[in-house]
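Engineer: just coords:
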């Protein structure tokens, strides 16, 4: 059994209830069941979390670096997109 | 039954429990750097560390019970093979990965059942160690059982290797369930249940996984024993030589 036939999995750990799962790294495993066992052994031996997700790396859709401008380079002059642009009217109590 | 005899049995029990973890842990750590894949290497190292942690608790208590000022390290590094009380199963060579996994699975399943029984010990210290260790060992059972099922029900080669390993190692499981005078005294005192009582439940545990793995259980025949009395295979001396050499050549050395 060679590791190049074992797919790569991405591991996400939720460190505490109420927080989001956070990506912590990746590992190799033949299937989901063993990916979960390996994730436990590689990433959660020191009380790191309360929940684990493992996701096949090939199932993750990533943005293309070539599309960075369109996706992330928001115009700096459109300050009305930020909440700080708006002043709170006098008399508003429950905002 | 005088007080000194009771202490001796308790001491023997603690050595048996501690030496099983110490020796199997040592067997596994030599695979670091040699496991088939990185993830499995970490997994086995974790199991080895768990077992070493249990051994430290058992042997520390053994030293206290003996009352001769021997520490866990004294017991681990300054006893010869004939003073070790581990089962023959755990000192068997790593062999190929199939043998490593089958040995682990046969031990893990027994270990979980034994710790479950010891958790009800009349000795609170023993019950406490057993309860703490059981949580980790339950995971060991999941892990090694998973491998047994995969490799047994894997390719023709993996199946053949697993069946060969099982044929080699199965005879060593008999010893785990044979009671001697120490065991009978411990059972009478409520310190540990008799090893014989674990066998049916254990057989059920392993049979379920071997069925998934499409492996057939060998027939009971030759049953080597003697580990609990210090009668070991030659494998143990080599293992101890490697494990103890540094500590013996540089007395008092520390990390």
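Structural biologist: Nice, I can see it. Computed from a predicted structure; not experimentally measured. Residues are numbered from 1 along each chain as shown, chains lettered A, B, ... in the order given.
Engineer: got a list of what residue 11 touches?
Structural biologist: Here I'm looking at chain A. The contact partners of residue A:11, taken as Cβ atoms under 8 Å, 6 or more residues apart in numbering or on different chains, are A:23-27, A:35, A:39, A:42-43, A:52-54. Yep, even glycine has a C-beta here, placed from its N, CA and C like the rest.
Engineer: hm, I was asking about chain B
Structural biologist: B:62, B:65-66.
Engineer: on that earlier part again, could you list which of the contacts of residue A:11 also contact chain B?
Structural biologist: Near chain B, judged by Cβ under 8 Å from any Cβ of the partner chain, the entries from those are A:27, A:42.
Engineer: Export the contacts of residue A:11 as CSV, with columns for neighbour count and secondary structure.
Structural biologist: Converted to CSV, the contacts of residue A:11 look like this (neighbours: other Cβ atoms under 10 Å in any protein chain shown; DSSP: H, G, I helix; E, B strand; the rest coil):
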residue, neighbour count, secondary structure
A:23, 12, strand
A:24, 17, strand
A:25, 12, strand
A:26, 16, strand
A:27, 22, strand
A:35, 25, helix
A:39, 25, helix
A:42, 18, helix
A:43, 20, helix
A:52, 18, strand
A:53, 15, strand
A:54, 22, strand
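Engineer: Going along the chain, name the helices of chain A.
Structural biologist: A:32-43, A:68-72 (DSSP state H).
Engineer: Which of those has the highest mean neighbour count?
Structural biologist: When you average the neighbours per residue for each of those (mean count of other Cβ atoms under 10 Å in any protein chain shown), helix A:32-43 leads with a mean of 19.
Engineer: pLDDT on that helix, on average?
Structural biologist: Averaged across helix A:32-43, pLDDT comes to 92.
Engineer: helices and strands around that helix, which ones?
Structural biologist: When contacts are defined as 3 or more Cβ pairs under 8 Å, 6 or more residues apart in numbering or on different chains; DSSP states H and E, helix A:32-43 packs onto strand A:8-14, strand A:21-28, strand A:51-56, helix B:38-66, helix B:124-152.
Engineer: Show residues contacting the helix or strand just after the fourth one.
Structural biologist: If I follow you right, that is helix B:38-66. Downstream of helix B:38-66, the next assigned helix or strand under DSSP states H and E is helix B:72-77. Residues from elsewhere that reach helix B:72-77 (Cβ under 8 Å, 6+ apart): B:15, B:18, B:22, B:55-56, B:59-60, B:62-63, B:243-244, B:247-248.
Engineer: Now render those residues as TSV, adding distance to chain A and pLDDT.
Structural biologist: As requested, the contacts of helix B:72-77 are arranged in TSV below (distance: Cβ to the nearest Cβ, whole Å; pLDDT from 0 to 100):
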residue	distance to chain A	pLDDT
B:15	28	98
B:18	23	98
B:22	21	98
B:55	18	98
B:56	17	97
B:59	23	98
B:60	23	97
B:62	27	97
B:63	28	96
B:243	24	95
B:244	28	95
B:247	27	91
B:248	31	92
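Engineer: now these: which count as buried?
Structural biologist: B:15, B:18, B:22, B:55-56, B:59-60, B:62-63, B:243-244 (16 or more other Cβ atoms under 10 Å in any protein chain shown).
Engineer: Pick the one among these closest to residue A:19.
Structural biologist: Closest to residue A:19 out of the buried ones among the contacts of helix B:72-77 is residue B:56 (34.4 Å), distances taken as Cβ to Cβ.
Engineer: Chain A against chain B: which residues are in contact?
Structural biologist: Counting by Cβ under 8 Å from any Cβ, chain A sits next to chain B at A:1, A:3, A:6, A:27-30, A:33-34, A:37-38, A:40-42, A:45.
Engineer: Let me know the secondary structure of the spatially closest residue to residue B:94 that is not a sequence neighbour.
Structural biologist: The shortest distance from residue B:94 to any non-neighbouring residue, by Cβ to Cβ, 6 or more residues apart in numbering or on different chains, is to residue B:100 (4.9 Å). Under the three-state scheme (DSSP: H, G, I helix; E, B strand; the rest coil), residue B:100 adopts helix.
Engineer: who's in contact with residue B:100?
Structural biologist: With contact taken as Cβ under 8 Å, 6+ apart, residue B:100 is in contact with B:28, B:31, B:44, B:94.
Engineer: Now do it, the pLDDT please.
Structural biologist: Value for residue B:100, per-residue pLDDT: 97.
Engineer: Tell me how far it lies from residue B:36.
Structural biologist: 10 Å (Cβ to Cβ, to the nearest Å).
Engineer: So, low pLDDT: which residues of chain A?
Structural biologist: A:1-4 (pLDDT under 70).
Engineer: would TSV of the contacts of residue B:11 with distance to residue A:13 be doable?
Structural biologist: Below are the contacts of residue B:11 laid out as TSV (distance: Cβ to Cβ, whole Å):
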residue	distance to residue A:13
B:62	38
B:65	41
B:66	44
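Engineer: Let me know the distance separating the residue lying closest to residue A:14 once chain neighbours are set aside from residue B:108.
Structural biologist: Once flanking residues are discounted, residue A:14 sits nearest to residue A:51: 4.0 Å by Cβ to Cβ, 6+ apart. Between residue A:51 and residue B:108 the distance is 26 Å, computed by Cβ to Cβ.
Engineer: Tell me which of the two has more neighbours.
Structural biologist: residue B:108 (25 against 13; other Cβ atoms under 10 Å in any protein chain shown).
Engineer: residue contacts, that one?
Structural biologist: Listed by Cβ under 8 Å, 6+ apart, the contact set of residue B:108 reads B:137, B:140-141, B:143-145.
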